[in-house]
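Novice: Could you work out the structure for the sequence below:
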Amino acid sequence: MKRDCMADKIRCAHILVQKESQAKEILDKIKKGESFSKLAQQYSLDSSRRKGGDLGFFGRGIMVKEFEKAAFSLQKGQVSEIVKTQFGYHIIKRLE
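Specialist: Have a look, this model is predicted:
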């Protein structure tokens, strides 16, 4: 079986907010089919919001532990539950 050469690097987008209650509202909107990218532009506190939350490709050891663990456990196209880090509350979407 050929190993995916990009498995050590993944591409994700995220939405970062300060309040868990706001993260829950946004996650509900995503689950109802609203655009992750548009919601990131509207709500995310991170500078990646201009790109719809896209963080580009990254490997292990770059992001904080909680974020990395959640991001690497996602399948392509999958959206995480709410992930709490020292920066706030993230919703992560695995792009590639």
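Novice: what sits against Gly61?
Specialist: For Gly61, the contacting residues are Glu68, by CB atoms under 8 Å, 6 or more residues apart in numbering. (Glycine included, C-beta is placed from N, CA and C.)
Novice: isn't Asp46 right next to Gln18, touching?
Specialist: No. With contact defined as CB atoms under 8 Å, Asp46 does not reach Gln18; the gap is 11.4 Å.
Novice: Which one of the two is surrounded by more residues?
Specialist: Neighbour count, other CB atoms under 10 Å: between Asp46 and Gln18, Asp46 has more, with 18 against 11.
Novice: how about the nearest residue to the more buried one, chain neighbours excluded?
Specialist: Leu16 (4.5 Å; CB to CB, 6 or more residues apart in numbering).
Novice: Within the sheet, what are the partner strands of the top strand by length along the chain, with directions?
Specialist: When the chain is parsed with DSSP state E, its longest strand is strand 9-17. Strand 9-17 has the following strand partners under DSSP bridges: strand 54-59 (antiparallel), strand 88-94 (antiparallel).
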